[in-house]
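Visitor: using only what follows, build the 3D model:
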Amino acid sequence: MCAVGVTGCDEVGDYDDALADEGRDAFENGINFNGINFNGINFNGINFNGIWTQAVPGWLQYLQFWLNGQLLLNPHMEGNMLQAYLNGKLIGGKQLQGSIMDIAYYQDLEVKIPTYLQFLLDNLLTLKTGLGSELMAFHAMWRMPGDEEFAFWQPLCPDGNPAVLLQGQWDPVTWDRISNDGMTLACVGGILADCALWGYDPSQTYSGEDLAYYHDACARAKPGDYCGDRTPHTVPGTPVDFYDDLDIQTQESGWEIEAMWDENGAICLSEPRKAAYTKDPGGTIYIGCVLPDCIDVDGDGDIDFDDYPTAKIATRANPS
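Guide: Presented below is the predicted three-dimensional model:
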C-alpha cells in the first residue's frame, strides 16, 4: 500500500559523522535479506491539494482528514513527519494517532469512477535508520465503508507490519520515483521502507549527496531488478551484501561482486545472485537485457566505486 500526496516540504540538512556512526551502531549493517515486495497492497497516490495528477491504476485522491470527529486542515509533510492543523494549532507525530483519512480510489484512468476508502493511522512508532535519522511509522488500517467484504478495518501492510511515512512519490507500475513531494505510506518489509531504514532516507542528504538517488538504486538492487524494468531476479530471504560509496552500509563479506547499481538498475553484472538466472540471451531464464561484466577498470585488484564512479550501491553475493 502506498499513499502519496503533493505538497511543498522544507529541505533537511546534512547529518554529521557522529550521528551517522551512532545510526550504524544501532542498526544491523552489511548482510541483508532481499525481497521482491515493492510496497504491500497496491494503492497509490493521495494528493493533499485535491487535484488528481499523474494518475495510473491504483492512485488515490485525498478528500478529508479527521481526528476524533474534528476536521484536520492543510495536511502536509515536514521532512518525514505528517502534520496538520486542528482548531488553528499545528499538530503532528503522536498527536495524529487515531486520525482517519477519507480517500477516493481510482482504478481506471479513463473511466474515473471512484471507490471510497478510509485509512486509520494508529499506534505511532519511531524507527531509526542506518544513518541515524528517524522515521515515523503507524500501524495503519484501511476499510471500504458500505462494502460487504471490506467494511471493517484491515491491516494495511502484510503480516501486520507498520507503515513508515516517507517524503516522496513513486509510480507503482514502473517503481520510478516521480516526485520529491508528498507522502508515501511504505510497509516495513517492502522495498521502499527497507531501503529507507537501511539508511537511504529519500528526504535527506549526507556528505552533500541527495540520498533519494541512493534510495532509488537500493530499490533496484534489493529485488535484483538488473534491467530497471520492475522484474525481480531473486527470492525472499536470499542473503546479499549491500554497501555504498558513502559508507552508510559497508562491505561485510568476501563474496564476489554481483553488480554495481545506479538509480536505473545494474550498471554491470558479474553473476546473478540466483543461479537459475542467466545473462545469456539463449539461457533458460534470461534476465531480459544485456549488461557488461563488472571489471577492475583501474587495475588495483578490486572492483569498486573507483571503477564505476556513477554507481551508488554495490552488491556481493554467493549465488545459490
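
Visitor: low pLDDT regions in the stretch 1-150 of the chain?
Guide: 1-60, 107-111 (pLDDT under 70).

Visitor: and the strands in it, which stretches?
Guide: 31-33, 59-67, 70-71, 73-78, 81-86, 89-92, 99-106, 114-128, 134-143 (DSSP state E, counting those that start in this stretch).

Visitor: and the longest one, which strands flank it?
Guide: By that I understand strand 114-128. strand 99-106 (antiparallel), strand 134-143 (antiparallel) (DSSP bridges).

Visitor: re the thing from before, relative to residue 249, which of the strands of the stretch 1-150 of the chain is closest?
Guide: strand 31-33 (7.9 Å; C-beta to C-beta). Bear in mind the C-beta positions are built from the backbone N, C-alpha and C, glycine included.

Visitor: residue 102 contacts residue 63, correct?
Guide: Yes. With contact defined as C-beta atoms under 8 Å, residue 102 reaches residue 63; the gap is 4.2 Å.

Visitor: can you pull the residues that touch both of these two?
Guide: Taking C-beta atoms under 8 Å, 6 or more residues apart in numbering as the contact criterion, the common neighbours of residue 102 and residue 63 are residue 116.

Visitor: returning to what we had before: closest one to residue 273 among the strands of the stretch 1-150 of the chain?
Guide: For the strands of the stretch 1-150 of the chain, the distance to residue 273 is smallest for strand 31-33, at 11.4 Å, taking C-beta to C-beta.

Visitor: counting neighbours, what do you get for residue 88?
Guide: 6 (other C-beta atoms under 10 Å).

Visitor: returning to what we had before: got TSV for the strands of the stretch 1-150 of the chain, with distance to residue 223 and mean neighbour count too?
Guide: TSV is the format used below for the strands of the stretch 1-150 of the chain (distance: least, C-beta to C-beta, whole Å; neighbours: other C-beta atoms under 10 Å):
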stretch	distance to residue 223	mean neighbour count
strand 31-33	12	17
strand 59-67	22	20
strand 70-71	40	12
strand 73-78	26	18
strand 81-86	27	19
strand 89-92	32	13
strand 99-106	26	20
strand 114-128	21	17
strand 134-143	21	21
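
Visitor: for the ones you listed, which one sits closest to residue 317?
Guide: strand 31-33 (10.0 Å).

Visitor: what segments of this protein are helices?
Guide: Remark: helices assigned in the chain by DSSP state H are 17-26, 191-197, 211-221.

Visitor: centroid-nearest residue for this structure?
Guide: residue 192 (1.5 Å; C-alpha atoms, centre = their mean).

Visitor: check contacts around residue 162.
Guide: Taking C-beta under 8 Å, 6+ apart, one finds 123, 125, 127, 137, 138, 139, 140, 187, 188 in contact with residue 162.

Visitor: nearest residue to the first one other than its sequence neighbours?
Guide: Okay, so that is residue 123. residue 139 (4.2 Å; C-beta to C-beta, 6 or more residues apart in numbering).

Visitor: which strand residues bridge that neighbour?
Guide: Applying DSSP bridges, one finds that residue 139 bridges with residue 122.

Visitor: I'd say it and residue 160 touch.
Guide: Yes. Using C-beta under 8 Å, residue 139 is in contact with residue 160, at 7.1 Å.

Visitor: how about the strands of the stretch 1-150 of the chain, which one is nearest residue 272?
Guide: Between the strands of the stretch 1-150 of the chain, strand 31-33 lies closest to residue 272; by C-beta to C-beta that is 16.5 Å.

Visitor: measure residue 240 to residue 273 for me?
Guide: Distance of residue 240 to residue 273, given as C-beta to C-beta, to the nearest Å: 6 Å.

Visitor: swap in residue 224?
Guide: 6 Å.

Visitor: who has more neighbours, those two?
Guide: Shown here are residue 224 and residue 273; by other C-beta under 10 Å, residue 224 has more neighbours (29 against 23).

Visitor: contacting residues for the more buried one?
Guide: Per C-beta under 8 Å, 6+ apart, neighbours of residue 224: 34, 232, 233, 234, 272, 273, 274, 277.

Visitor: likewise residue 272?
Guide: Shown in contact with residue 272 (C-beta under 8 Å, 6+ apart): 224, 226, 233, 258, 278, 279, 287, 319.

Visitor: let me have these in TSV, extended by pLDDT and distance to residue 249.
Guide: Below are the contacts of residue 272 laid out as TSV (pLDDT from 0 to 100; distance: C-beta to C-beta, whole Å):
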residue	pLDDT	distance to residue 249
224	92	17
226	95	19
233	89	21
258	97	14
278	91	28
279	90	25
287	94	24
319	92	21
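
Visitor: for PyMOL, write the select line for the buried members of those residues.
Guide: Provided next is the PyMOL selection string for whichever of the contacts of residue 272 are buried by 16 or more other C-beta atoms under 10 Å:
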select buried, resi 224+226+233+258+279+287
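
Visitor: tell me the one of the contacts of residue 272 nearest residue 83?
Guide: Distances from residue 83 to those, taken by C-beta to C-beta, are shortest for residue 224, at 36.9 Å.
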